[in-house]
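Colleague: predicted model and sequence below, questions to follow.
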Amino acid sequence: MPKIFVSYRHGDEDERDEAIKILNSLSYDSFYDEDIRGGEAWRKAIESELEGAKACVVVVTDNIFESKWVLFEVGFAIGFGIEVIPWCPKPIDPIKRSTGEQLYDLLHEIQFVKTEKELADKLKEANENYIAEYLNIEIDWMTLRFRVLAHTGCAYLAKSNLKAESEQNELLQSAQKCFEEVSYIWVKLGWKSFWLENSSSFSRKQKRIYNKLIDLFSKLRPKLGNVQDRLRDIENGYGNISQLQNANNELLKSLAELDTYIENNIHIRPHYRGFLGRLTDFTEDKHKNYIVLISLNLGLEGYDKKFIPPKLKIWFDPKSSAFNFKLLDFLYKFRIGMQILCAYIEYGDLLDISDSQVYSISKKSLDTVGIQKFEDIILKYSSVLREPQRDNLERLGNMINSFRWGEFGMVQLVFEEENPLTGFKSTADFRDLKEKFEEIDSYIERYFGENSQYKRFLEGIKRFEERLNESESEKANNVFRHLLHEVEGN
């Protein structure tokens with residue numbers, strides 16, 4: 001269970017025990033200094049326990065502000081980068097708090113937690129956001145990919161041990177490709193360079209965690225190299241399967257140690273745990289399709305498409321890097337929203353539809369594809385994204401973000417200044433808007449696959465333009481309203 005450091009004033013044991021009871025009910029372990037008294041032993045124990053704690057809960061009472069030891073403990077926690085949560089279920093006497101204004105101001109600035117629900121939420125938040133203080137998004141992504149691919153390679157080797165010799169070669173080749181990719185990621189991880197660039201701003205706890213991670217990765221490296229050497233020996237005709245499996249077992253032990261440390265000290269990824277369980281099923285031949293995602297994204301062959309669940313078909317489109325139905329849906333909304341905006345700017349003076357209606361709908365469609373969407377997708381599906389796919393997602397996110405604040409920003413300016421949007425069509429800014437959107441539209445088509453629903457929408461835009469060219473204004477208005485309703489409905 002995650003451990004919580006409990007800071008309290010001696011004499012407030014009843015309130016402390018009540019807080020510990022709540023922590024236990026929330027599945028947290030706790031530490032407090034009941035058996036420690038002053039001196040060097042106290043300081044060492046406090047330092048050790050705080051470094052291993054997920055958070056520091058301060059039991060706030062009227063008497064706590066007299067305690068210099070609580071002030072020290074809170075200071076230690078802040079210095080170690082630990083989340084401090086002032087637990088204050090009862091009102092504070094303003095006269096008694098004046099005996100320790102420094103501690104009161106410090107805790108009040110952090111914000112008092114007054115209910116069990118608030119305490120539970122704060123503790124959950126402290127656990128979920130633990131990673132943010134220690135790893136940047138790039139290293140977090142590459143570390144996860146490293147672990148996933150290393151485990152996948154080990155699974156191929158373990159499976160090969162259960163197969164006849166005629167079936168082993170394909171599995172060994174797949175494992176080799178996994179480990180080659182792992183070695184490539186190793187070179188790019190750059191743990192030490194990132195450490196040198198950022199360690200001056202790390203707390204003591206952050207430095208300890210980072211150093212431990214570097215140490216674990218360093219111990220793992222020679223074991224990975226040993227597995228690759230044994231694979232090459234077999235490829236050259238003088239290897240020994242037994243030696244290979246022994247090397248694989250040693251690598252798995254180091255990976256398990258790394259996994260445990262990251263989960264206990266940095267963050268927990270539920271989908272990563274699930275992935276490891278599915279690898280076990282694959283190794284034992286319980287399921288055949290679970291390994292396909294990794295295999296396909298490494299360019300490995302030999303999977304049977306009939307084992308791909310229907311809901312995952314989109315994951316196997318060679319053009320698609322989305323790996324997410326919702327992202328494809330967001331992109332569709334964005335594209336039809338921008339198509340309707342461009343059509344309105346160009347032909348709106350022939351329509352009986354208001355600027356505000358079109359602008360609000362198009363802006364809403366753009367807001368569905370914020371840059372955070374792409375970052376979330378990249379993190380969530382990093383275990384199965386090849387580097388080119390990840391680059392495609394990042395580039396598209398940046399293109400849309402630039403479009404939002406650049407070309408679309410000019411439309412927003414025209415609207416906010418209450419100028420007619422149709423007057424925008426004769427400007428260079430409108431030409432830039434169309435060119436930029438067409439560039440994004442082509443990029444989506446090229447790297448994320450065709451969308452039949454979007455094609456039908458474009459046919460509707462074409463019908464609308466044909467009605468205008470034939471001077472059928474009423475029919476043109478009806479077609480445009482229908483298209484506008486489709487954008488609004490999405």
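Modeller: Cool, got the structure. Note that the structure is a prediction, hence the values are computed from the model and not measured.
Colleague: quick one, helices of the stretch 351-490 of the chain?
Modeller: 355-367, 371-380, 387-405, 407-416, 428-448, 452-469, 473-489 (DSSP state H, counting those that start in this stretch).
Colleague: for these, which one sits closest to Asp121?
Modeller: Closest approach to Asp121 among those is made by helix 371-380 (21.2 Å; CB to CB). C-betas here are computed from N, CA, C, even on glycine.
Colleague: quick revisit: and the helices of the stretch 351-490 of the chain: which comes nearest Leu216?
Modeller: Closest approach to Leu216 among the helices of the stretch 351-490 of the chain is made by helix 371-380 (21.6 Å; CB to CB).
Colleague: domain boundaries for the protein, per the record?
Modeller: Domain assignment for the chain by automatic domain parsing gives 3-128, 132-308, 325-489.
Colleague: could you tell me the least trusted of the ones you listed?
Modeller: Ranked on mean pLDDT, the bottom entry among these is domain 132-308, at a mean of 73.
Colleague: the helices in the stretch 201-350 of the chain, which residues?
Modeller: All helices of the stretch 201-350 of the chain, identified by DSSP H, counting those that start in this stretch, fall at 204-235, 241-265, 270-283, 292-297, 325-347.
Colleague: got the angle for the first one vs helix 241-265?
Modeller: Relative orientation of helix 204-235 versus helix 241-265 (axes from the mean of the first three to the mean of the last three CA atoms, to 10 degrees): 160 degrees.
Colleague: so what's the residue count around the nearest residue to Leu252 once chain neighbours are set aside?
Modeller: Leaving out its chain neighbours, the residue that sits closest to Leu252 by CB to CB, 6 or more residues apart in numbering is Cys154, at 5.2 Å. For Cys154, the neighbour count with other CB atoms under 10 Å is 22.
Colleague: how far away is Cys154 from Ser183?
Modeller: Distance of Cys154 to Ser183, computed by CB to CB, to the nearest Å: 14 Å.
Colleague: Serialize the helices of the stretch 201-350 of the chain to TSV and add fields for mean neighbour count.
Modeller: Output for the helices of the stretch 201-350 of the chain, formatted as TSV (neighbours: other CB atoms under 10 Å):
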stretch	mean neighbour count
helix 204-235	17
helix 241-265	16
helix 270-283	15
helix 292-297	21
helix 325-347	20
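Colleague: adding distance to Met410, write the ones you listed out as JSON lines.
Modeller: Output for the helices of the stretch 201-350 of the chain, formatted as JSON lines (distance: least, CB to CB, whole Å):
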{"stretch": "helix 204-235", "distance to Met410": "43"}
{"stretch": "helix 241-265", "distance to Met410": "46"}
{"stretch": "helix 270-283", "distance to Met410": "41"}
{"stretch": "helix 292-297", "distance to Met410": "39"}
{"stretch": "helix 325-347", "distance to Met410": "11"}
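Colleague: of all those, which one is nearest Leu149?
Modeller: That would be helix 292-297 among those, by CB to CB, at 7.2 Å.
Colleague: which residues does the closest residue to Ile20 other than its chain neighbours contact?
Modeller: Nearest residue to Ile20, sequence neighbours excluded (CB to CB, 6+ apart): Ser30, at 5.0 Å. By CB atoms under 8 Å, 6 or more residues apart in numbering, Ser30 lies in contact with 3-6, 20, 23-24, 57.
Colleague: before we move on, what SS does Ser30 have?
Modeller: What DSSP: H, G, I helix; E, B strand; the rest coil gives for Ser30 is strand.
Colleague: show me the beta-bridge partners of it.
Modeller: Per DSSP bridges, the residues bridged to Ser30 are Ile4.
Colleague: okay, now His151: neighbour count?
Modeller: Per other CB under 10 Å, the neighbour tally for His151 reads 22.
Colleague: pretty sure it is touching Ala256, no?
Modeller: No - using CB atoms under 8 Å, His151 is not in contact with Ala256, being 9.4 Å away.
Colleague: count of neighbours near the residue nearest to Asp233 when sequence neighbours are not counted?
Modeller: Nearest residue to Asp233, sequence neighbours excluded (CB to CB, 6+ apart): Gly239, at 3.2 Å. When counting by other CB under 10 Å, one arrives at 16 neighbours for Gly239.
Colleague: so where does Arg147 fall, helix or strand?
Modeller: If you go by DSSP states H and E, Arg147 is part of helix 137-160.
Colleague: got the buried residues for that helix?
Modeller: Using 16 or more other CB atoms under 10 Å as the test for burial, helix 137-160 gives 139-160.
Colleague: tilt between it and helix 387-405?
Modeller: Calculated by the same axes, to 10 degrees, helix 137-160 forms an angle of 150 degrees with helix 387-405.
Colleague: compute the inter-axis angle for the next helix or strand after helix 137-160 and helix 241-265.
Modeller: Where DSSP H and E defines the elements, the next helix or strand beyond helix 137-160 is helix 165-189. Angle, helix 165-189 to helix 241-265, by the same axes, to 10 degrees: 40 degrees.
Colleague: same for helix 165-189, what does it pack against?
Modeller: On a contact count with 3 or more CB pairs under 8 Å, 6 or more residues apart in numbering; DSSP states H and E, helix 165-189 meets helix 137-160, helix 204-235.
Colleague: out of those, which comes closest to Lys455?
Modeller: Nearest to Lys455, of all the helices and strands packed on helix 165-189, is helix 137-160, at 33.8 Å by CB to CB.
Colleague: now that closest one, how far from the centre of its chain.
Modeller: For helix 137-160, the separation from the chain centroid amounts to 17 Å (computed by CA atoms, centre = their mean, to the nearest Å).
Colleague: elements contacting that helix?
Modeller: Using 3+ CB pairs under 8 Å, 6+ apart, the elements in contact with helix 137-160 are helix 165-189, helix 204-235, helix 241-265, helix 270-283, helix 292-297, helix 371-380.
Colleague: turn these into TSV, including distance to Glu445.
Modeller: Formatted as TSV, the helices and strands packed on helix 137-160 follow (distance: least, CB to CB, whole Å):
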stretch	distance to Glu445
helix 165-189	29
helix 204-235	40
helix 241-265	39
helix 270-283	30
helix 292-297	21
helix 371-380	17
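Colleague: how close does the spatially closest residue to Leu157 that is not a sequence neighbour get to Val182?
Modeller: Take Leu157 and drop its neighbours on the chain: the residue closest to it by CB to CB, 6+ apart is Asn248, 4.5 Å away. For Asn248, the distance to Val182 (CB to CB) stands at 13 Å.
Colleague: again, but for Cys88
Modeller: Applying CB to CB, the value for Cys88 to Val182 is 49 Å.
Colleague: again, but for Glu474
Modeller: With CB to CB as the criterion, Glu474 and Val182 are 64 Å apart.
Colleague: sounds good, over and out.
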